[in-house]
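In: test case, fold it:
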Amino acid sequence: MAVLEHINTKLGEELLEATLDESDLTLVTFENQIIGDGSVPDASIQSSTSLWFETKTVPNSVDLEQIRNHLSGLRQEASDTQRLVVLTPDHSRPKKLDQIEDDRLVWTNFDQLVDAAESILARDHGSAEQSLEIPTEREAFLLRELVRFLYEEDLVSGREDRVLVVAARKAWPEYNAHGLYFCQPNRSFKPSNYLAFYTDGEIKPAVPAITSTIESIELTEDALEEATQISPAQRRRLEDGIATLRDQNADRYGSEQKVLFLDLERGFTLEQPVQNDKTASESDRTVAFVQGHRYVSASALRDNPTTTSTLEN
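Out: Residues are numbered from 1 along each chain as shown. Below you'll find the predicted structure:
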């Protein structure tokens, strides 16, 4: 609620529409020259939607009596659109809710909320449709903090069977040199146990486990020496990585980066690379399987698929 209160209304509508799978959710309407009863006011600002939320932070904890009471109270609201949103960490809709037949009842989970927020964060002025709102720097910060909070509270499901697949033209050789993954600081990822590298039109066979993360650190010896919130093991690995970056005169040396610490022994290795056969919907033209990052199932990847279409299916 604090985030919605401090982002613009259009962006809030788009976030809620994506989370609730609603296509025309209008929180506030602005109209000119309203025809009234014997008068024509110059303009009006109206709220036409009532959204009530019941949030659970523990799976399978929906209380049907509580939900029925909420719906009864919602009926007193004088609004055109009424929704009771039940937000839970369950992977799928709780079966209990099937006992209530009411079109105003909507279930969603934190996974969908995170997906909606990350979709908005991925927008930029060069790629977003004109009809979509681009978040300001402050709004993007608030959305990133919301996503991070949900991750830290372990409200997003699927970590154990999730592989983060990253576009890895630079990251693949860096991993082989340092056993680390670098990216822009504070970049949001869903909680994932593993990381895979996509480059040269294929997912590489090495799928290391993600053992820990530093959200932001300057890749210099001085900054590492001053850093206090890192473990001795992280410090040792970063010392080696920073020294190699310095010796190679690499672009990352001296920059602020997010760092993922990786361990192949705790991960797994595929029998062969997974070749990309993804094509554009309107043609047979091959397109990248990963642009930025995406997620795949660890169990599906462990089956050693030969092509990426198997993973998508």
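In: and for residue 181, the neighbour number?
Out: Residue 181 is flanked by 23 other residues according to other CB atoms under 10 Å. C-beta here means a position set from N, CA and C on the backbone, and glycine is covered the same way.
In: which element, helix or strand, includes residue 17?
Out: Remark: residue 17 resides in helix 9-20, with elements defined by DSSP states H and E.
In: alpha carbons of that helix, in CSV - could you do that?
Out: Taking Å, rounded to 0.1, in the frame of the first residue of the first chain, the C-alpha atoms of helix 9-20 are listed here in CSV:
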residue,chain,number,x,y,z
THR,A,9,-2.1,6.5,-10.5
LYS,A,10,-1.6,5.2,-14.1
LEU,A,11,1.4,3.1,-13.0
GLY,A,12,-0.5,1.8,-10.0
GLU,A,13,-3.4,0.8,-12.3
GLU,A,14,-1.0,-1.1,-14.6
LEU,A,15,0.7,-2.9,-11.7
LEU,A,16,-2.7,-4.0,-10.3
GLU,A,17,-4.0,-5.0,-13.8
ALA,A,18,-1.0,-7.2,-14.4
THR,A,19,-1.2,-8.7,-10.9
LEU,A,20,-5.0,-9.3,-10.9
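In: could you number the chain from 18 rather than 1 from now on?
Out: Sure, I'll start numbering at 18, so the last one becomes helix 26-37.
In: so which bits of it are buried?
Out: 28-33, 35-37 (16 or more other CB atoms under 10 Å).
In: cool, and stretch 171-189?
Out: 172-174, 178-185, 188-189.
In: next one: stretch 103-120
Out: For stretch 103-120, the neighbour count (16+ other CB under 10 Å) marks 103-107, 111, 114 as buried.
In: which other residues reach that stretch?
Out: Contact with stretch 103-120 is made by 70-79, 81, 84-85, 88, 101, 122-128, 130, 172-175, as judged by CB atoms under 8 Å, 6 or more residues apart in numbering.
In: avg pLDDT for it?
Out: Mean pLDDT, computed over stretch 103-120, is 93.
In: from residue 282, how far out is residue 160?
Out: 36 Å (CB to CB, to the nearest Å).
In: quick one: which of these two has more around it?
Out: residue 160 (22 against 8).
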